[in-house]
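In: What shape does this take:
(one chain, ligands or ions: 1)
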Amino acid sequence: MNVTFLDACYGKKTSYTPVWYMRQAGRYLPQYRKLKEKYTIVDIIKTPELATQVTLQPVDILGVDAAILFADIMIPLIGIGVDLEIVEHIGPVMKSPLQTMQDIKKFRPLSPEQDIPYLLQTIKILRKELRKKVPLIGFSAAPFTLASYLIEGQPTRDFLKTKSFMYTNTKAWELLMEKLSDLIIVYLQAQVTNGVQALQLFDSWVGCLSQSDYENYVLPYTKRIFESLSSKTVPLIHFGTNTAGLLTSFASVACDVVGIDWRIEIAKAWKEIGYKKAIQGNLDPAVLLGDFSLIKRHVDELFISLPQKEGYIFNVGHGIVKETPVENIVRLTDYVHSKR
Ligand code: CP3
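Out: This next block holds a predicted model:
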């Protein structure tokens with residue numbers, strides 16, 4: 001098994017820089033698009049053979065150093081019966097967006113074996129398939145990001161409904177964040193029990209908050225999630241976008257790795273996070289739409305700026321976009337591996 005990625009998570013010396021990509025399985029791959037002609041994303045996730053196949057595609061095609069479980073952040077909500085649809089080119093859309101304390105009280109706990117047996121099965125199959133290859137990363141969204149989808153009802157840019165709910169309905173917000181935290185802990189623990197070897201918590205949209213609001217309304221919950229998982233034997237990654245303004249708080253949780261996007265320079269971010277933690281990122285995925293000389297220039301600049309090589313995991317700053325030529329990612333992976 002190639003453990004370069006796991007070693008880097010713990011800041012250990014590795015013989016080269018490990019690479020994986022957010023959304024490495026998905027629509028930029030023709031093999032995935034072919035499956036999508038017949039199945040919806042939720043069909044794929046609910047069918048362990050298909051989810052396994054999709055998870056393995058980028059491992060074999062790109063030569064990345066980790067696989068990420070093919071799922072979606074909405075799966076635990078689907079598991080407890082929240083009525084939603086993942087709409088092509090839009091994202092998760094709720095049948096009835098969350099509005100009141102009553103709506104939150106209806107939330108029930110997750111029982112992984114009963115509610116999401118397909119996901120646990122996929123993890124078990126994947127561990128066998130990946131035995132001689134690379135580690136398997138599991139994931140969940142963080143409470144803020146899940147709450148934002150539940151309250152907005154669909155993807156948004158300004159998070160106005162979420163923020164006004166948080167500010168004006170604070171008791172309900174606290175209950176919602178508590179319940180989502182419990183759900184996420186159970187969900188992630190089940191993934192570890194069934195075999196995932198690292199966990200990433202996506203707080204994709206939390207960068208819309210000020211640092212003090214982050215500390216008041218979000219950090220206590222995220223802290224509890226990481227503390228409950230830190231006794232587990234797997235490395236923990238905390239990822240967000242637009243986190244430059246709140247990075248010190250964001251990085252203060254019991255995580256091993258902090259994932260950042262391209263809006264902050266890696267050297268500056270690492271200094272703020274502290275060198276005891278590993279860092280993951282942060283190439284702008286838009287660069288991958290250009291030619292290879294552009295990609296190479298960005299990667300070279302990134303590597304020159306690194307204060308140290310130990311504890312660095314190469315990734316994009318946010319998910320790979322569907323227009324990306326596969327060839328570019330294959331060459332990029334090789335190029336990063338060639339830099340020692
Ligand atoms: O390869 C991987 O990274 C694993 C698979 C993965 C998916 N979703 C599959 C997916 C992961 C890690 C996610 C997480 C996810 N889902 C996040 C957090 C990461 C991030 O992007 O910040 C979020 C916010 C979602 C919610 C979501 N699901 C969105 C915004 C969309 C895009 C809608 C669209 O059509 O553009 C989805 C759908 C989705 N999830 C796709 C994939 C491959 C694409 C649509 C499809 O194949 O039907």
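
In: Contact partners for whichever residue of the stretch 51-200 of the chain sits closest to the ligand?
Out: Nearest residue of the stretch 51-200 of the chain to the ligand, counting by Cβ to the nearest ligand atom: Gly91, 3.3 Å away. All C-beta atoms are positioned from the backbone trio N, CA, C, and that covers glycine. Contact partners of Gly91, counting by Cβ atoms under 8 Å, 6 or more residues apart in numbering, are Tyr149, Gln154, Pro155.

In: Show me what from the stretch 51-200 of the chain comes close to the ligand.
Out: When proximity is defined by Cβ under 6 Å from any ligand atom, the stretch 51-200 of the chain lies next to the ligand at 68, 70, 72-73, 86, 88-92, 139, 141, 155.

In: How about the closest residue to the ligand within the stretch 151-300 of the chain: what's its closest non-neighbour residue?
Out: In the stretch 151-300 of the chain, the residue that lies nearest the ligand is Ser204 (3.1 Å; Cβ to the nearest ligand atom). Excluding its sequence neighbours, the residue lying closest to Ser204 (Cβ to Cβ, 6 or more residues apart in numbering) is Thr145, at 5.1 Å.

In: before we move on, what about Asp203?
Out: Distances taken as Cβ to Cβ, 6+ apart put Ala142 closest to Asp203, at 3.7 Å, once the chain neighbours are dropped.

In: which ones are touching that neighbour?
Out: The contact partners of Ala142, taken as Cβ under 8 Å, 6+ apart, are Ile184, Leu201, Phe202, Asp203, Val206, Val218, Tyr221, Thr222, Ile225, Gly240.

In: let's go with 6 Å and repeat that
Out: Each residue near Ala142 by Cβ atoms under 6 Å, 6 or more residues apart in numbering is listed here: Leu201, Asp203, Thr222.

In: what's the spacing between the nearest residue to Leu283 once chain neighbours are set aside and the ligand?
Out: Spatial nearest neighbour of Leu283, excluding adjacent residues (Cβ to Cβ, 6+ apart): Val316 at 5.1 Å. Val316 sits 10 Å away from the ligand, going by Cβ to the nearest ligand atom, to the nearest Å.

In: how about the strands of the stretch 101-250 of the chain, start to end?
Out: Along the stretch 101-250 of the chain, counting by DSSP state E, counting those that start in this stretch, strands occupy 136-141, 198-203, 236-240.

In: could the ones you listed be laid out in a markdown table, adding mean neighbour count and mean pLDDT?
Out: Below are those laid out as a markdown table (neighbours: other Cβ atoms under 10 Å; pLDDT from 0 to 100):
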| stretch | mean neighbour count | mean pLDDT |
| --- | --- | --- |
| strand 136-141 | 24 | 98 |
| strand 198-203 | 24 | 98 |
| strand 236-240 | 25 | 98 |
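
In: Can you tell me which residues in the stretch 201-340 of the chain are near the ligand?
Out: Those residues of the stretch 201-340 of the chain that sit near the ligand, judged by Cβ under 6 Å from any ligand atom, are Phe202, Ser204, Gly319.

In: ok, now which ones touch the first one?
Out: Listed by Cβ under 6 Å, 6+ apart, the contact partners of Phe202 are Ala141, Phe239.

In: Provide the partner residues of it in its beta bridges.
Out: Phe202 has these beta-bridge partners by DSSP bridges: Ala141, Phe239.

In: Correct me if wrong: Met74 contacts Pro92.
Out: Yes. Applying Cβ atoms under 6 Å, one finds Met74 in contact with Pro92, separated by 4.9 Å.

In: ok, what's across the strand from the nearest residue to Ile41 once chain neighbours are set aside?
Out: Excluding its sequence neighbours, the residue lying closest to Ile41 (Cβ to Cβ, 6+ apart) is Ile86, at 5.4 Å. Counting by DSSP bridges, Ile86 is bridged to Pro92.

In: Quick check: Ile86 vs Gln191, distance?
Out: Using Cβ to Cβ, to the nearest Å, Ile86 is found at 20 Å from Gln191.

In: is it true that Pro135 touches Ala67?
Out: No. At 7.3 Å, Pro135 and Ala67 do not qualify as touching, with contact defined as Cβ under 6 Å.

In: Neighbour count for these two, which is higher?
Out: Higher neighbour count among Pro135 and Ala67: Ala67, with 28 against 25, using other Cβ atoms under 10 Å.

In: hang on, the earlier thing: which members of the residues of the stretch 51-200 of the chain next to the ligand are classed as buried?
Out: Buried by 16 or more other Cβ atoms under 10 Å: Ile68, Phe70, Asp72, Ile73, Ile86, Pro92, Phe139, Ala141, out of those.

In: residues touching the residue nearest to Ser204, list them.
Out: Neighbours of Thr145 in contact, by Cβ under 6 Å, 6+ apart: Asp203, Ser204, Trp205.

In: If we use 10 Å, what do you get?
Out: The contact partners of Thr145, by Cβ atoms under 10 Å, 6 or more residues apart in numbering, come to Ile73, Thr162, Leu180, Leu201, Phe202, Asp203, Ser204, Trp205, Val206, Val218, Gly240.

In: Excluding residues flanking it in the chain, which one is nearest Asn169?
Out: Spatial nearest neighbour of Asn169, excluding adjacent residues (Cβ to Cβ, 6+ apart): Met101 at 7.7 Å.

In: mind listing what the one you found touches?
Out: The contact partners of Met101, by Cβ under 10 Å, 6+ apart, come to Asn169, Lys171, Ala172, Trp173, Leu175, Leu176.
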